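In: Sequence and computational prediction follow.
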Amino acid sequence: MFSEPLAWLIIALPVAAFVLNGTAVRAFLGPQSLVAGWITIAAVAGSFVLSIFALESVASDGATIHQQHDWIDVVGLHLTFGILLDQLTAIMFVVVSGVSLLVQIYSQQYMHGDRSYTRYYSFMALFTAAMLGLVSSRNVIQLFVYWELVGISSYLLIGFWMERPSAAAAAKKAFLMTRFGDFGFLLAILYIFSVNPEYLDIPALYEAVGAGAIAASVATWIALGLFMGAIGKSAQFPLHSWLPDAMEGPTSVSALIHSATMVTAGVFLVARFFPLFEASNVMDLVALIGAFTAVFAASMGLVANDIKRVLAYSTISQLGYMVMALGIGAYAPALFHLFTHAFFKAGLFLGAGSVHHASGTFNMRFMGGLRKDMKWTYWTMVIGSLSLAGLFPLSGFWSKDEILATAFERESGVGWVVLIAGLVAAFMTAFYMFRAIYMTFHGEYRGGAEVEAEMARNANLPEPVGLGHTHRHESPWMMVAPLIVLATLAVVAGFLVNPLFDVGPINKHAFATFVTERNESVFSVDQHGDVPAGAEESHLPDAVHAGAEPEFNIPVAAVSSVMAAGGILLAYAMYITGAVSPVAMGRRLSAIYSVLLGKYYFDELYEDRIVVRGFYNRLARSLAWFDTAWIDNVNVQLAKLTANVGRGLANVQNGQAQAYAAVMAIGFVVVLFAFLVWGS
Amino acid sequence: MSETILDSSLFRNVYCYVAGGSEGCVSHGYSEGFLPAGYEWLAFAITAAVLAILFIQGALGGVLALIWGERRILARFQNRVGPNRWGPFGSLTSVADAIKTMFKEDIVPDQADRFLFNLAPVIMVVPVLMVFAVIPIGVGTLVADLNIGLLFVIAITSASGLAIAMAAWSSANRIAIFSGLRAVALLVSYEIPMALSLLGVLMITGTLSMTGTIEAQDVPFIIVQPLGFLVFFLAALAEMSRTPFDLTEAESELAAGHLNDYSSMKFGVLFLAEWAATVAGAMIIATVFLSGWRGFSPIPSHIWFVGKVVAVIFLIIWIRATWPRLRIDQVLSLAWKGLFELTMINLIVTAILTAAMADREADGSLFSAGELWIMAAVNWAVFFPSVYLIGKLLASKPYEDDSSEPQELYPVATEEKAFEGAAD
Amino acid sequence: MNEAFEVPTVVSFAFWVASAITIAAAIMVVTVRDVFKAAVFLAGSFIGVSAIFFLLNAEFVGVVQILVYVGAVSILIAFSVMMISDVSHGSQPSRARYASVTVSALVLAAIAVTVYNTEWTLNSGLTDPDAIAGLSGTFIEDEIASGEGRVRDASGIQASDSQVVQTGVLGDSTGTVGALLVREFVLPFETVGLVIVAALIGGLALMRPREGEPDPRGGG
Amino acid sequence: MTLENVLLVSGIIFAIGLYGVLSRRSTIALLMSLELLFNAVVIAAVAFSRFTPSAGLADAGAVTANEVRAALTGHVFAVLVISVAAAESALALALIFALYRAKETVEITDVSEMKR
């Protein structure tokens, strides 16, 4: 049994690193002290080790629900907090602290020499702590606090180089758009509170849902609100446009926050409240939004030229995958995909950072031919891309395939939509990833940062921000080692964690079984296991329904593999052999191309149409008219009246403080005598 | 009067000798006094007067001894002989000086405010003498064992700032006023670390009583509270305006500051007050940090106490003999930027320790010697890094005087300082 | 009239002496021309008030009064008088002297009438022996600390009950006031701390030399 | 020394302070008079604490230690008032200094910007 102090320690270690870095190290050792990095690495490593223990404990003893502590206890409001250490939390613990640890190690070199090195590490520690707290919260309001902490640390890290206007704007955009989603989350919390404050405690909520105490309509509204929060945090359509801009932050930040951990918070939220979603009517909506996002984001990734943006769109697309999997009830495959995706996407981002280290730019047009100079980075990125594309036998294949197979099994309308969207997205993913690989690593070297800067100067454009120096060689081992670890995990994690048959000590479908069948507070045990007493009336979904043991569907796997291979081949044909000219294709499909390059003009829609025209021009103007013509006018008239009265009374004020005091004293005497005469 | 006052054996002895038949005395085993019943108030007054005279005389004797001792010891430090003519080893020199001072002409400056000018020495000396009343100079030997003894001491000594301000202002002398301003600023600044450094002791003892403080010291608090001792000692030096904080009466620069216009016995009283303050300060340090009259058995408690006081006074004289005087800005920044932080560190560490140590609140007992040793270990572990750190922070910023260069105006000032001790 | 609440004649006499000194000093404060002298009389008045506190069995408040008022406030005021040369020639009473006297006399009359017309519920009217024991006798300290124990008469205490037996609340108030400050009244206590910090910061901000003004450290 | 007498002394000091507040022109003298007002109030608080029973003690019967402690509430208030008064005087002196720097005067009759 994993004791509660240890669980708190997992969160407290990064908090300690944050405080130590933010106060002592920065004040006494300077803003560039390498000590800051080691402190954060040590703290996160501690959390990681403890997370492993937590996972082991949950695997052997089952979920541990630690006791509630009083947070606020006044009349009419009783809030508690505590640790909920179940299967979902244990896995998220390991993913978050593990990826975070690798990223921290990587950053030690990547951020070396940055003038706010200490600040970087203290923010990273804060983020890690907030994320770890988020996944282990027992109370919804506690969860919301961490949720916002995650948001603020994301804001701080996106805007880490705040001297760049674009970074500051991106941070603001990310914060505002996620806040928009959080508004829904907050409404959901308030609704839960109004239904029954007890339900703010998540185990109590599970119990209520399991007992059918929450009506479907109520659950629908709550789930809608929660899903709104998830949309914002996980950058789902239509609140997706902040994530590509968030690439203004350091690449290591993108690797940790905007691929592996924070953006999965939305997926986590849906998974955390999965029984509630199941009891509601929004599952189809979740699936459709996820499916749409998966295709929609992938399509934008097809034409992006910035390697980090390609990865960002890919992240959105893969998050859509997870969300749509949850939407069709495939709880276990969604989490499995979250698990594998964390490794290869973090690896890809770190690889992009490594490429930037060598070429000084993120723009793929100025890369090329880097394969010869950076073998380790190249191969790890190829492995990551293959895994992301979902090729056999890499981890992405297994997780993606489970989602598609489950969709196939559903045999419902939504299931078909999800399946087709998944296949299309797989094709696109394979294409854009290998487009990126080919443009970056193959062909001739196109000059890197210096050339990009020069071209910008020649074209009289402002110099692109964030350019470094070109020195083509492999990154230092501290950066490569995390890449190798992540690539290894991308190869083996998928099959070993959730194999199709018993592999040595690992049981068949170990991961899916772990997150579903063992998770009795959320899923009633299926026909293979023991049905707990009273489960007949239980409204909880059963483990099989949640995708614990999907059949390995060879046709689906084959089709998806073919799609992926087709994407790779198309990329090969376009960017290596030149059999299909990208230029000609772009010209022929110029309309689509420009729409994609313009990101479907969502930024313009939001900023120009909705905010400027809708809010500023229509709403604000009409309100302004009302304000001047009515409210102000009344005030002006009142003010005139007051001024006239005041002019008469002003003579009472002679400016002598003592006169006022005397009047006050006389007033006191009068009141006292009045009280003595008429009082009591 | 009340039971509390009769707890003091000194008081009881005198009081019950006068009025032995009263209720309190009978319970303490006294049979009969020479005043009839019903005249307890008279007995009380007589006792108070007797004790007051006794203690004031004691304090005066202590001061005379201190002046003689200081001159002798300083002379030793400076390789001189020192006063040696009058009395054995020159021990009557101070008496001779006192007589000389008394017979000088009493001058009041023309512009002076007579009322304040005459009142200032009184205000100066009374609080210092009152302090002697609460210090136990041996087992049960004190005038009043106030249960707020420490607070009383801090409160009563804070009045001396007013006396200095009065003396300075009423002299109607520019130099005296400037000196008085400095002195008041210094006194007010150092009162804060002084009071705060006692809080650490207070947390451990849980009482403000002097006797209680001594009883709690199974381990002397100089060992348990090194930071508290350091800060209190320095702050006390400043409050007594001793070297290196004696710039308020820096003879070489300010012509004895606010004492400038005083002469004859008024000067004598002011001077007495300052030296009595030194004795009182040493006594308080001995009581609070050196476990007062406690010691091992064959030697009586009074001797222990006097020995500790003499040791503290010797330390003070030693410092005077060896250290140069500080500038006013250095003195003030030491108080606010150095000692204040140190007391805060001490307070936090002590608070954590006392909270962590025992459930004293439950049984109301004191900390045992073992617990005190543990505290001492932690406190010493904190002592060195914090003193080093604060010292480094203080030393890192030299004073930048952008207005003028005083060294050029008075090139001899530094040399005078070097011989300042010899002028005594 | 209970024995325990009877004020001894000596204390009564001392109270009148202290009050007379306080009032005389206070009158000097508001009438004397020289502001510095007024500050000295103010300190005298403070000491008189502190004596009154001691006579009212409020030793702690009395010492705090000396510490804060005599040790800090009056010194600060004297210090300011020395710094501000404007007041050195004295403070003229304003034209409204007689009006002020009238108003003050009115207020005093109001207070006096109120005080003597009110039926005060006095301690001396208590009949409950427990209450009297609690207010004037002795009780066990740790019971007070826990806030649970019943007050017991001094005679009821066995030696084994507690080593520390202290005089009743009205005898020795320091520990009890301290406990009150950090338990029941911790919020006002902390608030006062905040107020003091705010006042200090405000004072510093006000005293800061602004652009183009001479440094006040130059001395008045 | 009865409650009435102590309150009367307190009232006299209050009245004297009030006279000072109303009649002195120097702001420093004004501040001193204000301190007298504070003192009068503190005397009253301590006097009430000494002479009147707390709510729980008024009705005879069970008396708990807490109620005895409540009898000392007046002392606590006295300490709080003294602390606030100290903060107030520090701030007031800073204001006086600022006034002196700005207007070269500390007379309150010369400060009448609030007029009209």
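Out: Right, received. Where do you want to start?
In: low-scoring stretches of chain C, by residue?
Out: Screening chain C residue by residue with the criterion pLDDT under 70, one finds the ranges C:1-8, C:85-95, C:123-173, C:210-220.
In: before we move on, what about the stretch 551-680 of chain A?
Out: Flagging of the stretch 551-680 of chain A using pLDDT under 70 yields the residue ranges A:680.
In: Of all residues in it, which one is closest to chain D?
Out: The minimum distance from the stretch 551-680 of chain A to chain D, using Cβ to the nearest Cβ, falls at residue A:655 (2.8 Å). Using the backbone N, CA and C atoms, a C-beta is placed for each residue, glycine as well.
In: Surely that residue is in a strand?
Out: No. With the criterion set as DSSP: H, G, I helix; E, B strand; the rest coil, the secondary structure at residue A:655 is coil rather than a strand.
In: What distance do you get for it to chain B?
Out: Going from residue A:655 to chain B by Cβ to the nearest Cβ, to the nearest Å gives 32 Å.
In: Pretty sure that residue sits against residue D:108.
Out: No. The pair residue A:655 and residue D:108 does not pass the contact test of Cβ atoms under 8 Å, sitting 10.0 Å apart.
In: tell me which element the closest residue to chain A within the stretch 101-250 of chain B falls in.
Out: Using Cβ to the nearest Cβ, the closest approach of the stretch 101-250 of chain B to chain A is made by residue B:227 at 20.2 Å. Assigned by DSSP states H and E, residue B:227 falls within helix B:226-239.
In: For chain C, tell me whether that helix is touching it.
Out: No. No part of helix B:226-239 sits close enough to chain C to count as contact by Cβ under 8 Å from any Cβ of the partner chain; the gap is at least 11.4 Å.
In: For that helix, list the C-alpha coordinates in PDB.
Out: What follows is helix B:226-239, C-alpha atoms only, in PDB (Å, rounded to 0.1, in the frame of the first residue of the first chain):
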ATOM      1  CA  PRO B 226      24.300  31.800  20.600                       C
ATOM      2  CA  LEU B 227      22.600  34.100  18.100                       C
ATOM      3  CA  GLY B 228      20.400  35.600  20.800                       C
ATOM      4  CA  PHE B 229      23.500  36.200  23.000                       C
ATOM      5  CA  LEU B 230      25.500  37.800  20.200                       C
ATOM      6  CA  VAL B 231      22.600  40.100  19.200                       C
ATOM      7  CA  PHE B 232      21.700  40.900  22.800                       C
ATOM      8  CA  PHE B 233      25.300  41.600  23.700                       C
ATOM      9  CA  LEU B 234      25.900  43.900  20.800                       C
ATOM     10  CA  ALA B 235      22.600  45.700  21.300                       C
ATOM     11  CA  ALA B 236      23.300  46.100  24.900                       C
ATOM     12  CA  LEU B 237      26.700  47.600  24.100                       C
ATOM     13  CA  ALA B 238      24.900  50.100  21.900                       C
ATOM     14  CA  GLU B 239      22.300  50.800  24.500                       C
END
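In: helices or strands up against it?
Out: helix B:174-205, helix B:221-224, helix B:264-289, helix B:340-357, helix B:369-395 (3 or more Cβ pairs under 8 Å, 6 or more residues apart in numbering or on different chains; DSSP states H and E).
In: The second one: how far from the chain's middle?
Out: It refers to helix B:221-224. Helix B:221-224 has its average C-alpha position 19 Å from the chain's average C-alpha position, going by Cα atoms, centre = their mean, to the nearest Å.
In: Check which helices and strands that helix is in contact with.
Out: When contacts are defined as 3+ Cβ pairs under 8 Å, 6+ apart, helix B:221-224 sits against helix B:174-205, helix B:226-239, helix B:264-289, helix B:369-395.
In: Chain neighbours aside, what residue packs nearest to residue B:320?
Out: If you skip the residues right next to it in sequence, residue B:320 has residue B:243 as its closest partner in space, 4.0 Å away by Cβ to Cβ, 6 or more residues apart in numbering or on different chains.
In: Kindly report the same for residue B:262.
Out: Sequence neighbours aside, residue B:270 is the residue nearest to residue B:262 in space, at 5.8 Å (criterion: Cβ to Cβ, 6+ apart).
In: okay, and for chain D, where does confidence drop off?
Out: When the per-residue scores of chain D are filtered using pLDDT under 70, the ranges that remain are D:53-70, D:114-116.
In: Any idea which residue of it lies closest to chain B?
Out: residue D:90 (11.0 Å).
In: what's the distance between that residue and residue B:229?
Out: Between residue D:90 and residue B:229 the distance, using Cβ to Cβ, to the nearest Å, works out to 30 Å.
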